[in-house]
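Engineer: got a predicted model here, sequence first, then my questions.
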Amino acid sequence: MRLTNMRYTRAILPSLLMVYYLPLLQSYLLPEVSQRQTWLQIWQLFPITHSLAQLAISKIWKDTVAQDKIHAPKRDVSTVIYTVGIPALLSTMIWAYTLFTSTSPLHQVFLPQHLLSSVTDLHTFTSNVMQWNFLLFVSATYLWLLYFAWDAKAAGMVENSWITIIAALAVASVVLGPGGAVGVGFLYREYVITEKRHRGAITRESVLGEWYRL
């Protein structure tokens, strides 16, 4: 079981939309290059601006941790679902759009085609930097999900085989795209840590079982 502070959990999505997605869309869609560059520079500050925006927006709600930990420990579940689900849905829509509209092979769109040291023009260099960034980010996130699966299997909270887990991740990546797959994986993680128990956890059932054996 885990518990989050609802005032901060509720503030995640609006702050993401404000300081991450809005500047990112502006950096792609605005007609002037100078405008796009300005918004891209703003977007690059999102680790800082998101923290500040989340802190500011969280002041709208009151702190209910003291009540939630006793009366509603799962109160944040629905908020977590839409906070993760909406960006994952957006990512899946963009993935589908890319699949059906791209005139280049997908491996050329998403995977680096050159070593950075061998690139001579700025446009190709920038494209390669973004592709390497995408590849490293997705790889690190997938590794994090696999680490969770490893820990959850060791704790007896996940019983699926490694073949099933890896196959599910691969299929989700193809159908939903990497962003959608990560979103589904994160929501599954939330389900496991919310609804499952460590095999050594002290619960009513485990205590009663020990009492009956005695």
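Structural biologist: Received, thanks.
Engineer: just the C-alphas of stretch 159-176, formatted as CSV.
Structural biologist: The C-alpha coordinates for stretch 159-176 follow below in CSV (Å, rounded to 0.1, in the frame of the first residue of the first chain):
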residue,chain,number,x,y,z
GLU,A,159,3.1,-14.1,-10.9
ASN,A,160,3.4,-13.7,-14.7
SER,A,161,6.4,-15.2,-16.4
TRP,A,162,9.1,-13.1,-17.9
ILE,A,163,8.1,-14.2,-21.4
THR,A,164,4.6,-12.9,-20.7
ILE,A,165,5.8,-9.6,-19.3
ILE,A,166,8.3,-8.9,-22.1
ALA,A,167,5.8,-10.0,-24.8
ALA,A,168,3.1,-7.7,-23.3
LEU,A,169,5.6,-4.8,-23.3
ALA,A,170,6.6,-5.5,-26.9
VAL,A,171,3.0,-5.8,-28.1
ALA,A,172,1.9,-2.6,-26.2
SER,A,173,4.9,-0.8,-27.7
VAL,A,174,3.8,-1.7,-31.3
VAL,A,175,0.1,-1.0,-30.8
LEU,A,176,0.2,2.0,-28.4
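Engineer: looking at it now, give me its mean pLDDT.
Structural biologist: For stretch 159-176, the mean pLDDT works out to 95.
Engineer: buried ones in it, by neighbour count?
Structural biologist: By neighbour count on 16 or more other CB atoms under 10 Å, the buried set for stretch 159-176 is Ile165, Leu169, Ala172, Ser173, Leu176. Quick note: C-beta positions are derived from backbone N, CA and C, even for glycine.
Engineer: now do that stretch: everything it contacts.
Structural biologist: 88, 91-92, 95, 142, 145-146, 149, 153, 158, 180-181, 183-185 (CB atoms under 8 Å, 6 or more residues apart in numbering).
Engineer: number of residues surrounding the nearest residue to Ser102 once chain neighbours are set aside?
Structural biologist: The shortest distance from Ser102 to any non-neighbouring residue, by CB to CB, 6 or more residues apart in numbering, is to Val109 (5.7 Å). Neighbour count of Val109, defined by other CB atoms under 10 Å: 15.
Engineer: how close does Val109 get to Gln26?
Structural biologist: Distance of Val109 to Gln26, computed by CB to CB, to the nearest Å: 22 Å.
Engineer: before we move on, back to that, now a PyMOL select for only the buried ones of the contacts of stretch 159-176.
Structural biologist: Listed next is the PyMOL selection for buried residues among the contacts of stretch 159-176, using 16+ other CB under 10 Å:
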select buried, resi 88+91+92+95+142+145+149+158+180+181+183+184+185
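Engineer: so which of the contacts of stretch 159-176 sit within helices?
Structural biologist: 88, 91-92, 95, 142, 145-146, 149, 153, 180-181, 183-185 (DSSP state H).
Engineer: now the host helix or strand of the residue nearest to Ser102: how far from the chain's centre is it?
Structural biologist: Taking DSSP states H and E as the criterion, Val109 maps to helix 106-110. Its chain's average C-alpha position is 22 Å from that of helix 106-110, according to CA atoms, centre = their mean, to the nearest Å.
Engineer: so which elements touch it?
Structural biologist: helix 77-101, helix 122-154 (3 or more CB pairs under 8 Å, 6 or more residues apart in numbering; DSSP states H and E).
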